[in-house]
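> With the sequence up front, the predicted model follows.
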Amino acid sequence: MFEIKFTENALEDLEIFPRSEQKEILAGLESQLTLDAGKENEDRRRLHSNGMAEWEIRLGNDVRVFYDVDIQTGTVKIEAVGKTFLR
């Protein structure tokens, strides 16, 4: 089981969202990352290693969360939270 931790930057990112959406994001992260954060599926994918984070998870249609997984310590470190805007 993984413990989820946020960087200061990710906490600042999260504060931009309305409180209700923050709760949805946190619930989504809890349900999707505490058990198998290091496995790809339709909502999670591994990114290039030279980017902001090693992993990206899609929550809903427009929220993206970037994170790193440390198997040794059982920690998921959330690096950034953002929203995509479709044209």
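On my side now, so go ahead.

> Just say helix, strand or coil for the closest residue to residue 10 other than its chain neighbours.
Nearest non-adjacent residue to residue 10, counting by CB to CB, 6 or more residues apart in numbering: residue 78, 4.4 Å away. For every residue, glycine as well, the C-beta is placed using N, CA and C. Following DSSP: H, G, I helix; E, B strand; the rest coil, residue 78 is assigned to strand.

> Am I right that residue 78 is in contact with residue 65?
Yes. Shown here, residue 78 and residue 65 form a contact pair, counting by CB atoms under 8 Å, at 6.1 Å.

> Find the residues that touch each one of the two.
Both residue 78 and residue 65 are in contact with residue 29, where contact means CB atoms under 8 Å, 6 or more residues apart in numbering.

> neighbours around residue 34, how many?
Residue 34 has 14 neighbouring residues, counting by other CB atoms under 10 Å.

> follow-up on the earlier one: mind listing the residues bridging to the residue nearest to residue 10?
Counting by DSSP bridges, residue 78 is bridged to residue 6, residue 67.
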